[in-house]
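> sequence and predicted structure, then a few things I'm wondering about:
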2 protein chains.
Amino acid sequence: MRAAKDRSVVEDYVKVIYAHTEWQPEPITTSVLAARLGLAASSVTEMVKKLGSAGLVTHVPYGAVELTSEGIRLALRMLRRHRLIETWLVEVFAYGWDEVHDEAEVLEHTLSDRLLEAIAGQLGEPSRDPHGDPIPTADGRVLRPEAVLLRDAPEGSIGRIVRISDRDPTLLRYLLDEEITLDVELTVLGRKPFGGALAVQAGAVEHDLGEEATASIWISTGEPSPAGGVPLETS
Amino acid sequence: MRAAKDRSVVEDYVKVIYAHTEWQPEPITTSVLAARLGLAASSVTEMVKKLGSAGLVTHVPYGAVELTSEGIRLALRMLRRHRLIETWLVEVFAYGWDEVHDEAEVLEHTLSDRLLEAIAGQLGEPSRDPHGDPIPTADGRVLRPEAVLLRDAPEGSIGRIVRISDRDPTLLRYLLDEEITLDVELTVLGRKPFGGALAVQAGAVEHDLGEEATASIWISTGEPSPAGGVPLETS
DNA sequence: GGTAGAATTTCGGTGTGCCGAAAATCAAGA
DNA sequence: TCTTGATTTTCGGCACACCGAAATTCTACC
């Protein structure tokens, strides 16, 4: 009689595996998985074996762990849940960006599909969460906005902020203070000498952003509609 | 690493123990507890022993199980959560009376205090749930409306429905159809001969209600404000 | 007061996810 | 190619909530 807990554990493994490859294509190793989950390596090896038998991942011993199409489907389901819940907490309950994560981490495993879709409906089926991360549709499709890391944007380019990584809450708060938020139009002025900060202009204001910030902000130089993008996965 | 599950299990035991004595004062036995939880008697004996060490219940071997004041505090906390969530699902998401239970059963263990109280705020700190069951306050006080079972109401008495037991969803739907709902004014006309149905008048309409219904409906013959009542427990 | 039957507890055992230590495997430099 | 250090897996064990069967205790009737 452990069904509930089981599901939640499996979902967490799959979510972390997926997250690792969402913004870069390196497959994950068991030790990295263990670190991300805060578990011993031996525990992860065991569990990965079970996920393999369940058809959610492939894993050659001593090699990388990769999601099967079924695993991806589950991961996208969890991603939808997580990001919808975060959006909901921010929109309806005035949570701050940096406060939603723990609550969403729990609720993504426990809300019924019915309630989750009702919430999605009340929010107007949003296509991205407060950080700009795309929210997969209920049938497992994702539109990832075509974007470049601000760090990699060529000098002189103009773009709209479409994503800000939620890795570092401190950074989120700093950017919020500086009014560098989603959908703000940015002009890349140029890089300070000796690997220094990147000068950008937002509205009338000029900012010098360090590596930490420019590696966390994605901008889109294309059309302003969030409908654009590339289909990432299909269920 | 089993904190989450643990908590949820303990909460369920305490909730069931409390529920058993909420509307009648018989203490519960381990076998009844086991039946209500759907577990083997031996499992319950073991767990009750642990709840005892945790200071939540008292239990003399082969005797009844009773909540300590700390146990009651936890039970009221869970009752508040359960009933607030049910109210919320009905009011905000248009769930039916008979559809809220399972969802609430899960969420009562997983919503954070912060989110729960935010929901309570949005609902306007309701004092009773859709069935008329009192919602304990955040600091553990309950106002139980002074009410009598319709079955026990004297002939000729007039009263307002203040509670309808949620034990039987079929009955709830039937009563809803007949527009016998919370706050409806009822006049007890009289009992049909030979232990038959009870005739009551609601508005202009007359109903004959069987034992099942009259044992599930509570009416208040006192003042019409839901603020009246007796303090039940204090934390 | 004794005893049969019911209620309750004790006892041995299960499955799950986890851990640390030891063994196996891999990868990189000499 | 061989060795050595790092990574990964295997192995024995743990905690938890649970179960069925056996032993114990209670209760009610004679």
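Good, I have the coordinates.

> relative to DNA strand D, how far out is the most centrally placed residue in chain A?
Taking C-alpha atoms, centre = their mean as the criterion, residue A:133 is the residue nearest the geometric centre of chain A, at 5.2 Å. Separation of residue A:133 from DNA strand D (C-beta to the nearest atom of the strand, to the nearest Å): 27 Å. C-beta here means a position set from N, CA and C on the backbone, and glycine is covered the same way.

> quick one: secondary structure of the closest residue to that residue other than its chain neighbours?
Of all residues not flanking residue A:133 in the chain, residue A:83 sits nearest, at 5.8 Å (C-beta to C-beta, 6 or more residues apart in numbering or on different chains). With DSSP: H, G, I helix; E, B strand; the rest coil as the basis, residue A:83 sits in helix.

> correct me, but residue A:83 touches residue A:123?
No: between residue A:83 and residue A:123 there is no contact under C-beta atoms under 8 Å: 10.8 Å.

> the more surrounded of the two?
Higher neighbour count among residue A:83 and residue A:123: residue A:83, with 23 against 15, using other C-beta atoms under 10 Å in any protein chain shown.

> let me see the contact set for that one.
Listed by C-beta atoms under 8 Å, 6 or more residues apart in numbering or on different chains, the contact partners of residue A:83 are A:128-129, A:133-136.

> contact partners for residue A:22?
By C-beta under 8 Å, 6+ apart, residue A:22 lies in contact with nothing.

> no wait, residue A:207
Taking C-beta under 8 Å, 6+ apart as the contact definition, residue A:207 lies against A:178, A:180, A:199-201.

> residues in chain A within reach of DNA strand D, list them.
By C-beta under 7 Å from any atom of the strand, the residues of chain A that approach DNA strand D are A:1, A:29-32, A:41-42, A:44-46, A:48-49, A:59, A:61-63.

> check residue A:67 and give its pLDDT.
On pLDDT, residue A:67 comes in at 97.

> again with residue A:5
On the pLDDT scale, residue A:5 is placed at 60.

> cool, and residue A:173?
Confidence score, pLDDT, at residue A:173: 87.

> now do the contacts for the closest residue to it other than its chain neighbours.
Leaving aside its sequence neighbours, residue A:173 sits nearest to residue A:98 (C-beta to C-beta, 6+ apart; 6.2 Å). Residue A:98 is in contact with A:169, A:172-173, counting by C-beta under 8 Å, 6+ apart.

> go again using 10 Å as the cut-off
Listed by C-beta atoms under 10 Å, 6 or more residues apart in numbering or on different chains, the contact set of residue A:98 reads A:166, A:168-173, A:176.

> over to residue A:155?
Residue A:155 touches A:187-191, A:198-199, counting by C-beta under 10 Å, 6+ apart.

> by pLDDT, rank the residues you listed and give me the bottom one.
Least confident by pLDDT among the contacts of residue A:155: that is residue A:191, with 86.

> tell me, how many residues neighbour it?
If you count neighbours by other C-beta under 10 Å, residue A:191 ends up with 15.

> that one and residue A:199 touch, don't they?
Yes: at 7.4 Å, residue A:191 counts as touching residue A:199 under the criterion of C-beta atoms under 10 Å.

> just to revisit the earlier point, filter the contacts of residue A:207 down to the ones in strands?
A:199-201 (DSSP state E).

> how about the helices in chain A?
Secondary structure of chain A by DSSP state H: the helices cover A:3-22, A:30-37, A:41-53, A:69-93, A:100-107, A:113-123, A:169-177, A:211-214.

> got the residues of chain A near DNA strand C?
A:2, A:5-6, A:9-10, A:37-43, A:46-47, A:50, A:61-62.

> and of the contacts of residue A:155, the nearest to DNA strand C?
Nearest to DNA strand C among the contacts of residue A:155: residue A:191, at 32.0 Å, using C-beta to the nearest atom of the strand.

> partners of the closest one in the sheet?
Note on residue A:191: beta-bridge partners by DSSP bridges are residue A:198.

> which secondary structure element of chain A has the lowest mean pLDDT?
Lowest on mean pLDDT, DSSP states H and E among the helices and strands of chain A sits strand A:230-231, with a mean of 45.

> rewinding a little: what about the contacts of residue A:207, which one has the most neighbours?
residue A:200 (24 neighbours).

> quick check: that residue touching residue A:206?
Yes: checked against C-beta under 10 Å, the pair residue A:200 and residue A:206 is within contact range at 7.3 Å.

> could you name every residue contacting both of those two?
A:187, A:189.
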